[in-house]
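In: Okay, sequence plus prediction incoming.
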Amino acid sequence: MTDADFTPWPDNLVKEYRERGWWQRQTLGAFLRASALRYATRIAVVCGERRWAYQELDEHADRLAAGFAALDLQAGARIVVQLPNIAEFFAVCFACFRLGLVPVLALPGHRRAEIAAFCQIAEASAYIIPDCHDGYDYRTLAREAMALVPGLRHVIVVGSAEEFIALQALYLTPQALPEPDPGAIALLQLSGGSTGTPKLIPRTHDDYLYSVRASVEVCQFDTATTYLAALPVAHNFPLSSPGTLGTLYAGGRIVLLTRPEPDAAFSLIANERVSHIALVPSLLLAWLERATSLRPALDSLRLVQIGGASLAADVAARVRPLLGCPLQQVFGMAEGLINYTRLDDHPDVILETQGRPMSVGDEIRIVDHDEQDVTDGQTGHLLTRGPYTIRGYWRADAHNHQVFSADGFYRTGDLVRRRSDGNLQVMGRAKDQINRAGEKIAAAEVERHLLSHPRVRNAALVAIPDERLGERSCAFVELNAAAANEASAPIVLSLKLHLRDHCGLAAHKIPDRIEFIDHLPLTAPGKIAKPQLRKLALTLTRNPT
Ligand code: J2J
């Protein structure tokens, strides 16, 4: 890796962050070692019938690090990790951290388009998958990725490897390894993004661990914490806010949920006496519907964190009565800044706001179109910088110039307002993105793929409000002349199959609705008028054809 791969913080701030003890020059690998020494035989991870003590997890990481080294994977190399909620996720990630390999944290739902893009952008040397999960054979995906990405040298499989390398074969005798630089990139997170191609988020050991420690303090995780990982573990929220890493820092226990259906989750909560969970609002809604009859099963819960998408105040108000424990709102982003309501906040703050930054080192600005600060109570664009917010995406110079100000503020694309008590309320979004059940879809990415269909002349993707998902997507498509008179149903199907099979897009990015339009409305400078399309989409949902 070179300096061009990520934008460092200015030297004076690095010095300040170290002096203030925020950056402790500890790697994520050393962090697990410290927890393993302290909490040795306590259970760290519960995965089905398997229970790994801290010492065991630590040893698995050491042995796998030796296995990765034997494959000639060296410090600084990137490795795309696409694992579901299984214990191996942690063994793999910590092995990478120990060796200085950089995991790119893909989600189980990603398919050929995303995986190939991650491998190409990161110039990944290896790709780690389960054999099958949720009815899908990831080895097929790996074959496609291998064909598309020449630099990809190894595919490593948890389970039956077929022609690839079995992870099981890589648990070798631990070796002494040089400690990676804590200021170097530890992992690459995925950005929700708003551009045609995915962007990767370089997080260093120093900054990521600070965000974990600060989160543990705010959320008061401790050795009594039993954290249910219900969201995909690779996502920033369940990984670090305080999530599974926070649990390991505090000496608590991680319980992995592979499928988030309420009934499976509720019995796991009861059996394992789960105390903490993190959910997105759409999942919370599904849980609330089932909670009345299952309330006794939930009496171990001490905190439900909700974040990732807007939570309606009336839904927030149902958490305590139905789940029997307090709510915490979390407004965060994989790029850095995390806002929390605090455990001792007044109920009005917890129900009505998305909290405030977790660190005194977080700087936020709320600005108008000309980047002038607005006053409290006014809605504006949220900008932020601080000790765990990145200064630039991975190898994305041109994009970085747009998204980061000259003085290092990250333009989040979120529209917020600050109340006089300092708490933020998320009011909307300026970025061209759809937030579908907490999963972020960059409109430009889907539009680019729609345009590659031979019958499409122009396309625009917008969000429609949805009671369950928060938002769902609607594509407006202008067909070229040859296709204009064809019946629409077969074209809808053809477009969906094109996106799924030809382009290889993840299922959540396939538009929920496709509408044909003679001419997409344009603004004066000739850009597609999305606000107008959003209004049109609303009238269509009210009058379904
Ligand atoms: C409204 N919108 C929200 C909220 C995030 C903790 C929690 C969430 C994320 C996350 C995360 C929201 N209300 N409470 O990484 O560590 C939208 C905003 C934001 C974007 C970031 C974490 N919480 N959002 O969701 O990188 O638009 O991170 O900019 O996936 O989600 O998405 P992501």
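Out: It's in.
In: Please make it C-alpha for all contacts and neighbour counts, starting now.
Out: OK.
In: give the contact list for the residue positioned nearest the centre of the chain.
Out: In the chain, the residue lying closest to the centroid (Cα atoms, centre = their mean) is H235, at 3.3 Å. By Cα atoms under 8 Å, 6 or more residues apart in numbering, the residues touching H235 are 105, 107, 189.
In: Tell me, how many residues neighbour the residue lying closest to the second one once chain neighbours are set aside?
Out: The spatially closest residue to L107, leaving aside those adjacent along the chain, is Q82, at 5.7 Å (Cα to Cα, 6 or more residues apart in numbering). Residue crowding around Q82 was assessed by other Cα atoms under 10 Å; the count is 21.
In: right, and Q82 touches A126 too?
Out: No - using Cα atoms under 8 Å, Q82 and A126 do not qualify as a contacting pair, with a distance of 11.0 Å.
In: where does the protein come near the ligand, residue by residue?
Out: Counting by Cα under 6 Å from any ligand atom, the residues of the chain close to the ligand are 191-192, 236-237, 241, 307-310, 329-334, 354, 412, 414, 426.
In: make it 5 Å
Out: Residues of the chain lying close to the ligand by Cα under 5 Å from any ligand atom are 236-237, 241, 307-310, 330-334.
In: Which members of those are positioned in helices?
Out: Cross-referencing the residues of the chain next to the ligand against helices under DSSP state H gives 236-237.
In: All the helices of the stretch 301-450 of the chain, in order from the start?
Out: Ranges of helices in the stretch 301-450 of the chain, per DSSP state H, counting those that start in this stretch, are 313-323, 347-352, 397-403, 443-451.
In: how near is R253 to I441?
Out: 32 Å (Cα to Cα, to the nearest Å).
In: Same question for V212.
Out: In terms of Cα to Cα, V212 sits 26 Å off from I441.
In: For these two, indicate the residue with more neighbours.
Out: Per other Cα under 10 Å, whichever of V212 and I441 has more neighbours is I441, with 26 against 22.
In: what sits against that one?
Out: Applying Cα under 8 Å, 6+ apart, the residues contacting I441 are 192-194, 433-435, 509.
In: can you pull the pLDDT of it?
Out: As summarised for this prediction, I441 has a pLDDT of 97.
In: same check, this time on the one 10 residues further on
Out: We note a pLDDT of 97 for L451 in this prediction.
In: how close does it get to D501?
Out: Counting by Cα to Cα - L451 and D501 are separated by 15 Å.
In: okay, the two: which has more neighbours?
Out: Per other Cα under 10 Å, whichever of L451 and D501 has more neighbours is L451, with 18 against 14.
In: residues in contact with that one?
Out: Contacts of L451 by Cα under 8 Å, 6+ apart are 457-459.
In: By neighbour count, which of those residues wins?
Out: Busiest of those [other Cα under 10 Å] is A459, holding 25 neighbours.
In: Check the gap between the closest residue to that residue other than its chain neighbours and L493 for me.
Out: Closest residue to A459 apart from its sequence neighbours, by Cα to Cα, 6+ apart: V477 at 4.4 Å. Distance from V477 to L493, counting by Cα to Cα: 13 Å.
In: more crowded one of those two?
Out: Legend: neighbour count by other Cα under 10 Å for V477 and L493, higher for V477 (25 against 12).
In: who does that one bridge with?
Out: Listed beta-bridge partners, V477: A459, F516 (assigned using DSSP bridges).
In: isn't it right next to P521, touching?
Out: No - assessed by Cα under 8 Å, V477 is found out of contact with P521, at 11.4 Å.
In: Flag the shaky bits of this protein, pLDDT-wise.
Out: The chain contains residues with pLDDT under 70 at 1-4, 293-295, 483-484, 542-545.
In: pull the longest helix from it.
Out: Scanning the chain for the helix with the most residues, using DSSP H, yields helix 54-70.
In: So which elements touch that one?
Out: Counting contacts by 3 or more Cα pairs under 8 Å, 6 or more residues apart in numbering; DSSP states H and E, helix 54-70 packs against helix 28-39, strand 43-47, helix 88-99.
In: now with 7 Å?
Out: Here helix 54-70 touches helix 28-39, helix 88-99, going by 3 or more Cα pairs under 7 Å, 6 or more residues apart in numbering; DSSP states H and E.
In: Just the buried residues of the helix or strand harbouring L13, please?
Out: Element membership for L13 (DSSP states H and E) is helix 11-19. For helix 11-19, the neighbour count (16 or more other Cα atoms under 10 Å) marks 14, 17 as buried.
In: Just the C-alphas of that helix, formatted as CSV.
Out: Taking C-alpha atoms only, helix 11-19 is exported to CSV below (Å, rounded to 0.1, in the frame of the first residue of the first chain):
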residue,chain,number,x,y,z
ASP,A,11,0.5,15.5,11.5
ASN,A,12,-0.6,18.0,14.3
LEU,A,13,-3.9,16.1,14.7
VAL,A,14,-2.2,12.7,14.8
LYS,A,15,0.0,14.1,17.6
GLU,A,16,-3.1,15.5,19.4
TYR,A,17,-5.1,12.2,19.0
ARG,A,18,-2.2,10.3,20.5
GLU,A,19,-1.6,12.7,23.3
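In: about what we covered before: kindly reformat the contacts of L451 as a markdown table containing distance to C96.
Out: What follows is those, written out as a markdown table (distance: Cα to Cα, whole Å):
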| residue | distance to C96 |
| --- | --- |
| R457 | 45 |
| N458 | 43 |
| A459 | 41 |
